[in-house]
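> Okay, here's the prediction I keep looking at, along with the sequence it came from:
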Amino acid sequence: MTSRAILLGILALALACGGCKKKEESLSLLVWEGYSDASFVQGFEEGHHCKVVASYMGSSDELVAKLRGGSAANYDVISPSSDVAASIARAGLAAPLDLSKLPSYSQLSVKLRNLPLVKANGQVFGVPFMWGPDPLLYDTTAFAQPPDSWAVFWDPKYKGKMSVWDDLSTVYMAAQVLGYDKPNPSQLYNLTDEQLAAVRKKLIELKPNIRKMWATGGELTNLFQNHEVVAAMGWPLMTNQLHQLHFPIGETIPKENTTGWIDHLMISAASSRRELATEFLEYMIEAQTQKKITDVTHYTPANPGAAQFLTPEEIKGLHLDNPDAYMQRIYFWQDVPRRAKYNEIWNEVKAAQ
């Protein structure tokens, strides 16, 4: 081959690969379902010439296990909830944030920003992102009136027609039914051995009514769609998905109230792309992006400025008209000092025949 032919070949190859552009950078997420939808992530990808790749977690314990189990370097951004955010920060599994690079941070709810969940040694390790309850979801065709108590899960007439989350939230729910949240809701996260034994007994009594425990939001959505269950503990995300599918789903907070979560965005301490990850955090807490995320999840945004992009009906539906009153119905997840014991009890419940 002549030198001229070689040069022409090289030129053709260069044109074919777009001038041999720099390889597109990737940003890896380990987040809850709904937090990487193309409807809002695509804007970041286009603006930063990168690719966002997401993995989903089914529980807070799964997130912590992956961070501690040697795979932390696989993830740049994580979305821990309020039950493990503090322990992740204390353990050095998250990188401290440079708030000067997060101009939208000052717009976030003052109440959420002032929580000590992600602060240590004068540094901030996460930004509040979304929050919401673990409501009772129900098929409106199966109930003449909305269920007003978690106790309905134990009603014998619903044998094999209920579902619960394969998560410690179900332990908290049973503790509420037993009244252990009175007078102090924080007791849910500090149950004694005697209380945990009673919760274990109560949950084993529930098992005949459980069709299946769900691990992902899509799983529960399918259980309702296939008419396998008539009620479950769920997330507003599933309510939103089922509404879009024209399924007759209802959502309520029973008289016992419910637990709930404040999700944060953090940067993994093992990330090699902290600058891009910081830009992603800023994008995700901007008011306009927060509005787009609520469209997908129906969770309440941490940035109240999202309300400017919402209709009055949407504002009311997301409880941005009176967030403090709504928060009083939700016992937000807290750090569980004896989490290993809780998990032991939960595993015994699942193993029981």
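On my side now, so go ahead. Model, not experiment: these values are computed from the prediction.

> quick one: the helices in this structure?
For the chain, applying DSSP state H gives helices covering 3-16, 38-48, 60-68, 85-90, 110-113, 169-177, 193-206, 217-225, 236-244, 274-285, 287-297, 312-317, 323-327, 339-351.

> same for the shortest one, what does it pack against?
Using 3 or more Cβ pairs under 8 Å, 6 or more residues apart in numbering; DSSP states H and E, the elements in contact with helix 110-113 are strand 127-133. To be clear about C-beta, it is placed using only N, CA and C from the backbone, and glycine gets the same treatment.

> Recalculate using a threshold of 6 Å.
Applying 3 or more Cβ pairs under 6 Å, 6 or more residues apart in numbering; DSSP states H and E, one finds that helix 110-113 contacts no other helix or strand.

> buried stuff in it?
Buried residues in helix 110-113, defined by neighbour count with 16 or more other Cβ atoms under 10 Å: L112, R113.

> got the CA coordinates for that helix in PDB?
Listed next in PDB are the C-alpha coordinates belonging to helix 110-113 (Å, rounded to 0.1, in the frame of the first residue of the first chain):
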ATOM      1  CA  VAL A 110     -34.200  24.800  55.600                       C
ATOM      2  CA  LYS A 111     -35.800  22.100  57.800                       C
ATOM      3  CA  LEU A 112     -34.200  19.300  55.700                       C
ATOM      4  CA  ARG A 113     -30.900  21.100  55.400                       C
END
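
> Now do stretch 236-249, average pLDDT.
Averaged over stretch 236-249, pLDDT sits at 96.

> Give me the residues contacting that stretch.
Under the contact criterion Cβ atoms under 6 Å, 6 or more residues apart in numbering, stretch 236-249 has outside partners G34, G132, T140, T141, G217, L220, T221, F224, E251, T297, H298, Y299.

> wait, what's in contact with the last one?
So the one you mean is Y299. Shown in contact with Y299 (Cβ under 6 Å, 6+ apart): M130, G132, P236.

> same thing with A89?
By Cβ under 6 Å, 6+ apart, the contact set of A89 is V118, A120, F125.

> ok, the closest residue to the last one other than its chain neighbours to N343 distance?
Of all residues beyond its chain neighbours, the one nearest F125 is A89 (4.0 Å), with distances taken as Cβ to Cβ, 6 or more residues apart in numbering. As judged by Cβ to Cβ, to the nearest Å, A89 and N343 stand 21 Å apart.
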